[in-house]
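A.B. asks: Generate a structure from the sequence data that follows.
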Amino acid sequence: MSRLSEIYEGWKNYTFPNPKVEAEAKRRMEICIKCKDLTRHNYCRICGCYMPAKVRSPKSHCRIKKW
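C.D. replies: Numbering: from 1, shown residues only. Here you go, the predicted structure:
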């Protein structure tokens, strides 16, 4: 899957919540919230992604391997 496809998938699931994805997204976001690299606007300082969308892309991963 290309990075563009991952971004699209994440934003699609963010806009139209998918119950199958939400449990994993919640788990991932809980990890992100504890990370020093998450900004107060929910962007990652490492990859630059908006994390509420990225955590909803099943094929995406954390660049520093937290999830």
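A.B. asks: Give me the buried stretch members for stretch 30-42, please.
C.D. replies: Across stretch 30-42, burial judged by 16 or more other Cβ atoms under 10 Å covers 32, 38, 42. No exception for glycine: its C-beta is placed from N, CA and C like everyone else's.
A.B. asks: now do stretch 16-34
C.D. replies: For stretch 16-34, burial by neighbour count (16+ other Cβ under 10 Å) applies to 21, 25, 28, 29, 32.
A.B. asks: taking the residues you listed one by one, which sit in helices?
C.D. replies: Counting by DSSP state H, these place 21, 25, 28, 29, 32 in helices.
A.B. asks: still on that earlier bit, hmm, which two among the buried residues of stretch 16-34 are most spread apart?
C.D. replies: Greatest spacing in the buried residues of stretch 16-34, by Cβ to Cβ: 21 and 32 (15.4 Å).
A.B. asks: Number of residues surrounding residue 65?
C.D. replies: 6 (other Cβ atoms under 10 Å).
A.B. asks: Residue 49: what's its closest spatial neighbour, skipping adjacent residues?
C.D. replies: residue 43 (6.9 Å; Cβ to Cβ, 6 or more residues apart in numbering).
A.B. asks: Right, I'll leave it there.
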